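below are the sequence and a predicted model for it; my questions follow.
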Amino acid sequence: MSVGSGGGAGASPDLAAEVDAFISAQPLGRPPVELAARVEWLVDFQHRLHDARLAVVSWPERFGGRDLTPFQSIEVAAALGDAQAPELINFVATEVVAPALMDHATEDQLKRWLVPMAGADEVWCQLFSEPDAGSDLASLRTRAERDGDGWRITGTKLWSTWAQFAGKGLVLARTGPLDTRHRTIGAFVIDMDQAEIQVNPLTTMTGAAEFAEVVFDGAYVAADDATIAMRLLELRAANVASLLEAGSPLGAESTLTKVALTQAEQTVFAVAHELLGAGGIAWEGEEPEEVEHALYSRAASIYGGSAQIQRNVLAERHLGLPPEPRP
C-alpha cells in the first residue's frame with residue numbers, strides 16, 4: 001500500500017516504508033484478557049505509535065501530528081488495520097473530542113490537552129449518554145450550575161468507555177431549564193480524579209467492563225475548562241438545523257453513514273462467528289476472538305447514537321414521515 005500517495009500538505013514519499021517498518025517492529029499479539037492489563041497494553045501501544053508520529057497524522061505538527069490530508073490519514077489507518085494493529089485506546093479523544101477542541105478551544109488549552117492525549121499519557125472518556133435519555137440530547141438532565149468562576153456538575157452518565165481509567169472527560173451538561181431541549185447545553189472538560197465523581201464499571205456480555213456508569217455529585221469544573229465555548233453544542237445544533245432546513249444533504253449523509261457502518265460491522269462479525277460452527281458456542285482454552293468481536297459488535301447499534309434514534313432522525317427530519325408519539 002502506498003501510504004505516501006495522495007498529495008497534499010505533509011506528504012512524504014517515505015511514509016509508506018515508515019509505516020511498514022513500524023508495523024514489522026511491533027510484537028502485535030493479542031492483548032491481555034484482564035481489563036487493567038489490557039488497558040496498560042493499549043496505552044503502551046499508543047505511546048509507541050505516537051513516538052513514531054503515526055498516532056494522529058492528520059493533526060497539526062505542533063501537537064504531534066503531520067498535517068496529512070484525510071485521504072493519507074485513511075491510508076495510514078488502513079495499513080495499521082491490515083496488520084491487525086489495535087484501535088487507539090484514546091480513540092474517543094483523538095477522533096471526537098480533539099476536532100471539537102481544535103475548532104473552539106484556546107491555544108493554551110490545546111497545548112495542555114492535545115499533547116498528552118495523542119500519546120495516551122492521559123486517557124479521556126466521553127460523557128454524553130444518560131440512563132433516561134440515551135443518545136437523545138433533547139432529554140439531557142445532567143446539570144451544570146455556576147460556582148464562582150467555575151461550574152458544578154450533577155447527574156449521571158452511562159456507557160462511558162474507559163471512564164474508570166480516564167484522567168479527563170468531555171461532559172455535556174444542561175446550563176438552563178430542562179425544557180429547552182437542544183438549547184442551553186454546554187461542553188465541559190472535567191478532571192475525573194475527584195471525590196465528587198463515582199465511576200461504576202458495567203460488565204457486558206463479552207465479560208469485559210470497559211463501559212461505565214459515571215455519577216457526578218457536584219463535581220467541579222474550573223473556569224478555564226468551561227471556556228471551550230459554553231454554547232458549543234447549541235451553536236453546532238443550530239448550524240445542523242440550518243443546513244437541514246436549507247436542504248443540505250450533510251446531516252442525512254452523516255446519519256446514513258452511522259446506520260450503514262453499524263449494519264456492516266454487525267454483519268461481518270456475525271458471519272465470522274457463524275463460520276466457527278460449534279466452536280463459536282463452546283471451546284477449550286482461550287475464547288476465540290471472533291466470539292468477542294461478534295458480541296461486542298452488538299453495541300454498535302447503541303454507541304455514538306442508537307440505531308433507533310438515527311432512523312427516527314432520517315424518517316422524521318429527512319423523509320417527512322409522521323413523528324412517533326411523544327409524551
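Noted; the coordinates are in hand.

where does the closest residue in space to V97 that isn't next to it in sequence land in three-state SS?
Closest residue to V97 apart from its sequence neighbours, by C-beta to C-beta, 6 or more residues apart in numbering: L170 at 4.9 Å. Every C-beta, even on glycine, is put in place using the N, C-alpha and C of the backbone. Three-state assignment for L170 (DSSP: H, G, I helix; E, B strand; the rest coil): strand.

do the same with I190
I190 ends up strand, using three-state DSSP.

residues in contact with it?
127, 153, 168-171, 197, 219, 221, 225 (C-beta atoms under 8 Å, 6 or more residues apart in numbering).

in TSV, list these along with pLDDT, neighbour count and distance to N312.
TSV is the format used below for the contacts of I190 (pLDDT from 0 to 100; neighbours: other C-beta atoms under 10 Å; distance: C-beta to C-beta, whole Å):
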residue	pLDDT	neighbour count	distance to N312
L127	93	29	23
I153	95	29	28
K168	94	21	32
G169	94	28	27
L170	91	24	25
V171	92	26	25
I197	96	21	32
A219	95	25	32
V221	92	22	32
D225	67	20	33
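
mind putting those residues in JSON lines, distance to V96 included?
Output for the contacts of I190, formatted as JSON lines (distance: C-beta to C-beta, whole Å):
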{"residue": "L127", "distance to V96": "11"}
{"residue": "I153", "distance to V96": "19"}
{"residue": "K168", "distance to V96": "13"}
{"residue": "G169", "distance to V96": "12"}
{"residue": "L170", "distance to V96": "8"}
{"residue": "V171", "distance to V96": "13"}
{"residue": "I197", "distance to V96": "20"}
{"residue": "A219", "distance to V96": "21"}
{"residue": "V221", "distance to V96": "19"}
{"residue": "D225", "distance to V96": "17"}
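
pretty sure A133 sits against G155.
No. Using C-beta atoms under 8 Å, A133 makes no contact with G155, being 10.0 Å away.

what is in contact with the two at once?
By C-beta under 8 Å, 6+ apart, A133 and G155 have these common neighbours: R141.

and these two? Which one has more around it.
In this view A133 and G155 are compared by other C-beta atoms under 10 Å, and G155 has more residues nearby, 22 against 18.

re earlier: ok, now how distant is the residue nearest to V97 from A272?
33 Å (C-beta to C-beta, to the nearest Å).

N312: neighbour count?
16.

helix, strand, or coil at it?
helix.

next, the nearest residue to E196 once chain neighbours are set aside: phi, psi?
Sequence neighbours aside, A219 is the residue nearest to E196 in space, at 4.1 Å (criterion: C-beta to C-beta, 6+ apart). The phi/psi pair for A219 (degrees, to the nearest 10) reads phi -60, psi 140.

model confidence over the helix or strand encompassing E265, on average?
Taking DSSP states H and E as the definition, E265 sits inside helix 250-275. Averaged over helix 250-275, pLDDT sits at 69.

stretch 64-80 too?
In this model, stretch 64-80 has a mean pLDDT of 86.

mind listing what's buried in it?
Across stretch 64-80, burial judged by 16 or more other C-beta atoms under 10 Å covers 64-66, 68-69, 72-73, 75-77, 79-80.

where's that stretch relative to the chain centroid, distance-wise?
18 Å (C-alpha atoms, centre = their mean, to the nearest Å).

so R174 is in contact with A138, correct?
No. Applying C-beta under 8 Å as the test, R174 and A138 come out as separate, 10.5 Å apart.

of those two, who's got more company?
Between R174 and A138, counting by other C-beta under 10 Å, R174 is the more crowded of the two (20 against 13).

list the contacts of that one.
140-144, 180, 184-186.

now which of the residues you listed would you call buried?
For the contacts of R174, buried by 16+ other C-beta under 10 Å: 140, 142-144, 184-186.

among the residues you listed, which pair sits farthest apart?
In the buried ones among the contacts of R174, two members sit farther apart than any others by C-beta to C-beta. They are T142 and T184, at 12.1 Å.
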